[in-house]
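Engineer: how does the following fold in three dimensions:
(5 chains)
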Amino acid sequence: MSKRKRYLSRRPKSTKALNQAPGTVTYVGRKENTETILEVIDYNADSYERHSNQTPEAAFKFEEETKTTWININGLSKTKEIEKLGKYFELHPLIIEDIVNTNQRPKIDEYQDYFFIVAKMLYYKDDGELENEHISIVLGKDYVLTFQEAGGDVFDGVRERLSARKGRIRSRGADYLMYALLDAIVDHYFVVVEEMSDKIENMEEQLLSAQPSDEITFEIQELKRTMLRIRRAVFPLREVVSRLEKVNSELIQEQTVNYIKDLFDHIIQVSENIDIYREMSWGLMDMYMTTINNKMNEVMKVLTIMASIFIPLTFIAGIYGMNFEYMPELQWKYSYFVLWGVMFVLFLLMIFFFKKKKWI
Amino acid sequence: MSKRKRYLSRRPKSTKALNQAPGTVTYVGRKENTETILEVIDYNADSYERHSNQTPEAAFKFEEETKTTWININGLSKTKEIEKLGKYFELHPLIIEDIVNTNQRPKIDEYQDYFFIVAKMLYYKDDGELENEHISIVLGKDYVLTFQEAGGDVFDGVRERLSARKGRIRSRGADYLMYALLDAIVDHYFVVVEEMSDKIENMEEQLLSAQPSDEITFEIQELKRTMLRIRRAVFPLREVVSRLEKVNSELIQEQTVNYIKDLFDHIIQVSENIDIYREMSWGLMDMYMTTINNKMNEVMKVLTIMASIFIPLTFIAGIYGMNFEYMPELQWKYSYFVLWGVMFVLFLLMIFFFKKKKWI
Amino acid sequence: MSKRKRYLSRRPKSTKALNQAPGTVTYVGRKENTETILEVIDYNADSYERHSNQTPEAAFKFEEETKTTWININGLSKTKEIEKLGKYFELHPLIIEDIVNTNQRPKIDEYQDYFFIVAKMLYYKDDGELENEHISIVLGKDYVLTFQEAGGDVFDGVRERLSARKGRIRSRGADYLMYALLDAIVDHYFVVVEEMSDKIENMEEQLLSAQPSDEITFEIQELKRTMLRIRRAVFPLREVVSRLEKVNSELIQEQTVNYIKDLFDHIIQVSENIDIYREMSWGLMDMYMTTINNKMNEVMKVLTIMASIFIPLTFIAGIYGMNFEYMPELQWKYSYFVLWGVMFVLFLLMIFFFKKKKWI
Amino acid sequence: MSKRKRYLSRRPKSTKALNQAPGTVTYVGRKENTETILEVIDYNADSYERHSNQTPEAAFKFEEETKTTWININGLSKTKEIEKLGKYFELHPLIIEDIVNTNQRPKIDEYQDYFFIVAKMLYYKDDGELENEHISIVLGKDYVLTFQEAGGDVFDGVRERLSARKGRIRSRGADYLMYALLDAIVDHYFVVVEEMSDKIENMEEQLLSAQPSDEITFEIQELKRTMLRIRRAVFPLREVVSRLEKVNSELIQEQTVNYIKDLFDHIIQVSENIDIYREMSWGLMDMYMTTINNKMNEVMKVLTIMASIFIPLTFIAGIYGMNFEYMPELQWKYSYFVLWGVMFVLFLLMIFFFKKKKWI
Amino acid sequence: MSKRKRYLSRRPKSTKALNQAPGTVTYVGRKENTETILEVIDYNADSYERHSNQTPEAAFKFEEETKTTWININGLSKTKEIEKLGKYFELHPLIIEDIVNTNQRPKIDEYQDYFFIVAKMLYYKDDGELENEHISIVLGKDYVLTFQEAGGDVFDGVRERLSARKGRIRSRGADYLMYALLDAIVDHYFVVVEEMSDKIENMEEQLLSAQPSDEITFEIQELKRTMLRIRRAVFPLREVVSRLEKVNSELIQEQTVNYIKDLFDHIIQVSENIDIYREMSWGLMDMYMTTINNKMNEVMKVLTIMASIFIPLTFIAGIYGMNFEYMPELQWKYSYFVLWGVMFVLFLLMIFFFKKKKWI
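Structural biologist: Residues are numbered from 1 along each chain as shown, chains lettered A, B, ... in the order given. Model prediction:
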């Protein structure tokens, strides 16, 4: 299957559920048949528990303790269970709608008792495809909820640090956990952007090579599209993090603010990189254009050289192929050999002319 | 009729009524001869009535009750009846002018007792044409007026939810109804933008195909124009909704604000999509250019190969067609066959040369 | 005279009077020899008088009454009379300078007793040329002064409404008159922009036609220039009107503000249109480029087809024109006819090859 | 010397003195060996004195009087004398540095007792070269200092008005003088921009002419560069003047503010013109490109027509040049003439074909 | 090794340490094996000491005195010693992370007792490569810490002035030292930008030369990339310096603020230059394109001229090479010479035709 075809088959179809009442909870993503799996991590500086595959009800009892509780939900298609969670944590109906609406752009909503954050997780799956996964984070007093479209995420580092008591993560509260999760997401943006940079450079290589594939215009166009999609995933997060930095709420502790500032720095940096590679990608079509024209130039030179050398010589041969009765040269004994000589001199002159023009 | 012709015939003609006193009510749209039809929906949490085809006077009696009243007017050419309505609801003369001026851009005007909102409804009609319909909404205490250019709109979902008591729409007031109507409009922007995305991708396909139609430059130009027109319909609405979100008026209830925020989110999202597809459409002309040049390259290669092979061979044949009396080769018995051999070798060399250059 | 030449002859010459003291009153426009003509319209709700061709002194007596007085001055080259007016109405010397400086961009200056507004009047003259006329408006208590470069303006509608007692114009004061005048100016922008839109579409048509004129690059460039000039005339007026809307002065009555808001709406709308057509005009050069290249492609195809068919056939003919003594085919009886057959088959193969490539 | 060479020889060399302590006074301009010349103009409403070629010490005595004193310094390479002046007027060391640093961009520094303004003087020298001269203005109580790189400036009009008692310049103070000087500078921007406009139009002419010079790409690139440099000289001055307008200092009298507003207007206007011509210059390369391609089209048409007509005819001639023993046509008496006829018909058909395609 | 290859080998690899706890101190730069070298300069107006190659502990004793202490650290890979310094000066863990994270963009963090500044040092190494070095500056009470990736910097001028008691640097405090260091960094931006300008002009030269190298598209693309990277290094520093100018802290003395303002001026200036050269570089690809097309034009002209002259002549020769029995011209005695004459006339006509078209 050509790249072009594969691309088209991957294209998401119409994505907004129409004519529905606002607040209706309908999953519109592409991972319809994944199960909804709950994982609970409950910890404080001294203890650490991890429970996979819980029912919502089982998860609630962890939240009631004073430890920090991270409930991670994979799979959004079973909206019932998500509504159950929403009811327990008293989430606004529109939040539940946003959790399952995978088209929702990154944003932050501040409610009295919790913050609701939407972000986009970009990472490469095992088969090398770029995954753009919708993720929602609810930060409450002592708990963090994360909702993902499917299993597989960028949080393994965070989990490891939690279990290994590495760094300061265990002794800080839920706000630091939320920061750590966002930090992991932003860190993966760097990886993805790096990959885009490699792709652009590979394309530059290919464009200058002898025989750029005919599909390269298509690939350039697709690259631009991907850039724009990454941009759309990343840029709104800047406002989200900037808002987090400035918000005045007891949900965010004083000592976490410096870390959020650092996170903001990183996201500005990745945004700048995206814009640089975007500008680079603009140049690709121009490069291709000059490559095509250079090749055409070469083709024309071969034609011109061949034609310019042999057309006059053929003309001369044509002259002496004429059947006039009185053509004095025809009778001379060495005419033929003299003619060869003349032709050879003409040939050399032509070669010299083209050499001087640097066409050969 | 070619696409180009159809497009031209569709083009609206001079659209601003000139030299008229401000406040003069003249319909400038294209649907001159549609009738003006009134539809009244009168509801509260417990009851629901729908009356089509009413006279303005009949409609007024519904408004007098405490229920929420939605009066929808289809057809703006009979300006008399609209003025009658305007007088009853005490609308400012400039509002009446804006209701029938289909060129008015989306905006919000806040008056003491009502809000006046202009928006553009984009949807596909049954014949597949994109309809850009001027719509005006007046939100008052307990009533919503909507003015449309013609029958056919994007509000069927709202009507259904109203009649079916689905969702919270029946128990909320006129402000929620207005929100629901705007939400329906914005939802259809997504459909339209999705369609634009499909069109762009179809064009990309066509541009890379063997024989792109000659009209494609025209279609690209028209696509850009459509993008700009959609943009113009959608972008000003952002300010309108943002204003609604921040306005401090008893016309908008506290609990509706969250929904308007959500609406604002959606409209930002559709704006971002529009800008992405707009940027994609910029690349189309470049793609077409490279396609043309690639094709020219191919044409030139065929010419160059044919000419480069046969012109030298013809020259050789020309040589032995000369009539010199003394040409030793002519008498040798196997000259002719040797010559065929030489020519074949030359032919092979040429083929080898072009193969190495990857031209064949 | 070609379009190019006409364009060049029309180009304004150096336009800023140099090395002059600021406040020096020198007319720098192109209509040097037009006379300065005064017209006075004096009206209130009940009465209406119109006096053409007045001396400044005669005009002053109208102003002294309580009626609203509109003094319109056509022709700016006789700066003496303008200075006389300026002295009577106590205008700042810099205002007088701006009135005759046709290069002054649209602006508003707020003085204690009057507002000074500069705008650009765009309209089509009888000969189809676009006129960009400098107009200054002074709004005072009970009077409006307008200064135009020459006769012919866009105010006929206003004059008519004044004399015919149409609309509310007669019963409102000088501020409403000023609004009506600005509204008439802005209304004509729509006409001009509509015309630009037509020009762009005509050019698109021409670009896709068989034989686009060689002057079309020039025309595209000129179109862009005109767009930029219209833009420069229109865009600064936005700030002027926006300022008028917000200004807190007894010169502007409460009830006029809504009308000015409406005017602001219109000017935003015309600005948006200008930017759309500007963006459209950017695409014209690209369209032309693809058209040229498509044509070149066609030319090359004809050449390639002719050469590819006949060069090999000529080669074959050349072979049997050789004078070798021993060429067995020459003696065979049906050689000639067989050869015709072979050639015809080759010809068909070529045609088939080009058909498959869709070149014919 | 070609334009390209001249341009390169004119290019300024490395311009920032490196590794120096801040505040070090080193002239970095190109006019190393010009002398430093002082000129003093001392005036009030009644008297006027002008003294050229003064020593700094002599100049100080004028300042001590109550009259307004304008000290103009031409030539910045003798930094000693400038430091002497600086010490007398108590200028900050960084100001002295900025006076001689010709790379300093336009700016305003407000100190307690004086304002320091940097601007760029653009004007055409007698040999037609565009001069970009660094100028510094110090406005103090009762005095104005101006520092120029070399003799020759745009202030002759101001000097004349001062000596001729023309306008209000003599009766106003130092602030009005400063305004008059800035006004003279800005007035000359109009001249320069006008000249750029002429250059662009000349280039457009040349690009559409039969044989655009090969150096035109270079000239377009140089034109863009010049535009950017003018822009850099002019645009920062907007902030300077805007600051002057708003500053609340006893150095600027109330009555001068209106003049500064007018100056601001002018500089906005020249900025807009610059941006228009800049946008126009972007189109030049595209115009050149279409011109080249149009010419190539013409070349290809000539080739195609010649080849398409004569290659088939040559083939026919080749047929009857074959030496087959049995070719019936050869014996027929009128074959030769019939063949001429056939060829002529073919020729006419070809001509007709190309006429229909509008290639001839 | 071609430029392209060298460029690719230089490309930095994946640069962000992933899955690490925030605050983890890992050096991610490319200079892994450089040693960490401490240099201490301790001075006041009267004394000056310089100690190279110190241990951190030895450095601390200098700090305890009242003199100003500048501790410069070269080499960031031995993170242990940097953490030791960090602990002594009580730096926040995130600061230590930023010091060794060479991807950190320029920024300023204000803490209670010190300011933390990140900048990028751009300079040319001895082998002519552009070095982009990460530099961190900590400004505390009486001390400045600078952290560089490797030896070799732009501070030699500062060191010299310190040791030579040149300028006011010795008598001012740590804030002036910090200013002097930033000034040295910004001064080198001018050098780098100057170099870019030279590169662009060299490319323009090359593009207009007879035979631009095939690698030039690649070089243009690389130039754009470098421009973007320089931009990214320089632009964020504007905010840093602007912040320094406005900050209200006892770390910055009153008298230093004027110098910082001056620094801000310089950085604005270098930013403007960067944007000018960036805009210039956009034109390079267009220039290349026109060059290619001009060359193709020339090639086509040679082909067209050769073909147009000799194809008709060959046709004529072909005519008289036919073997018809009855061709009257063949018998005439002077046919052959007449024919030569005819051909010569045709040749001259052709030459005349092409001369008129200015193709030769």
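Engineer: please go through chain A and pick out the longest helix.
Structural biologist: helix A:254-319 (DSSP state H).
Engineer: show me what that one is packed up against.
Structural biologist: helix A:174-208, helix A:216-246, helix A:335-356, helix B:254-319, helix E:93-100, helix E:216-246, helix E:254-319 (3 or more Cβ pairs under 8 Å, 6 or more residues apart in numbering or on different chains; DSSP states H and E). Every residue, glycine included, has its C-beta placed from N, CA and C.
Engineer: quick check: mean pLDDT of that helix?
Structural biologist: Averaging pLDDT along helix A:254-319 yields 92.
Engineer: and the angle from that helix to helix B:254-319?
Structural biologist: Orientation check (axes from the mean of the first three to the mean of the last three Cα atoms, to 10 degrees): helix A:254-319 against helix B:254-319 gives 20 degrees.
Engineer: roughly how far is helix A:254-319 from the heart of the chain?
Structural biologist: Relative to the centre of its chain, helix A:254-319 is centred 20 Å away, using Cα atoms, centre = their mean, to the nearest Å.
Engineer: what is the subsequent helix or strand relative to it?
Structural biologist: Downstream of helix A:254-319, the next assigned helix or strand under DSSP states H and E is helix A:328-331.
Engineer: do that next one and chain B meet at all?
Structural biologist: Yes - if you take Cβ under 8 Å from any Cβ of the partner chain as the test, helix A:328-331 does meet chain B, through A:329-331.
Engineer: close to chain C, is that helix?
Structural biologist: No - residues of helix A:328-331 are not located near chain C by Cβ under 8 Å from any Cβ, the shortest gap being 11.6 Å.
Engineer: pick out the residue of the stretch 1-150 of chain A closest to chain E.
Structural biologist: Of all residues in the stretch 1-150 of chain A, the one sitting closest to chain E is residue A:123 (10.7 Å; Cβ to the nearest Cβ).
Engineer: pick the one among the residues of helix A:328-331 next to chain B closest to chain D.
Structural biologist: Nearest to chain D among these: residue A:330, at 15.7 Å, using Cβ to the nearest Cβ.
Engineer: quick one: contacts for the closest one?
Structural biologist: Counting by Cβ atoms under 8 Å, 6 or more residues apart in numbering or on different chains, residue A:330 makes contact with A:320, B:323-325.
Engineer: ChimeraX command to pick out the buried ones of those?
Structural biologist: This is the ChimeraX syntax for the buried subset of these, where burial follows 16 or more other Cβ atoms under 10 Å in any protein chain shown:
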select /A:320 /B:323,324
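Engineer: now narrow the contacts of residue A:330 to whatever sits close to chain D.
Structural biologist: The subset of the contacts of residue A:330 within reach of chain D, by Cβ under 8 Å from any Cβ, is empty.
Engineer: can you redo the contacts of residue A:330 as JSON lines with distance to chain E?
Structural biologist: Below are the contacts of residue A:330 laid out as JSON lines (distance: Cβ to the nearest Cβ, whole Å):
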{"residue": "A:320", "distance to chain E": "9"}
{"residue": "B:323", "distance to chain E": "8"}
{"residue": "B:324", "distance to chain E": "13"}
{"residue": "B:325", "distance to chain E": "15"}
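Engineer: quick revisit: out of the helices and strands packed on helix A:254-319, nearest to residue C:236?
Structural biologist: Among those, helix E:254-319 comes nearest to residue C:236, with 25.3 Å by Cβ to Cβ.
Engineer: and the helix or strand harbouring residue A:71, what does it pack against?
Structural biologist: In this structure, residue A:71 is located in strand A:68-74 according to DSSP H and E. Strand A:68-74 sits against strand A:37-43, helix A:56-64, helix A:79-88, strand A:143-148, helix A:174-208, with contacts defined as 3+ Cβ pairs under 8 Å, 6+ apart.
Engineer: quick one: that strand to helix A:79-88, angle?
Structural biologist: Orientation check (the same axes, to 10 degrees): strand A:68-74 against helix A:79-88 gives 160 degrees.
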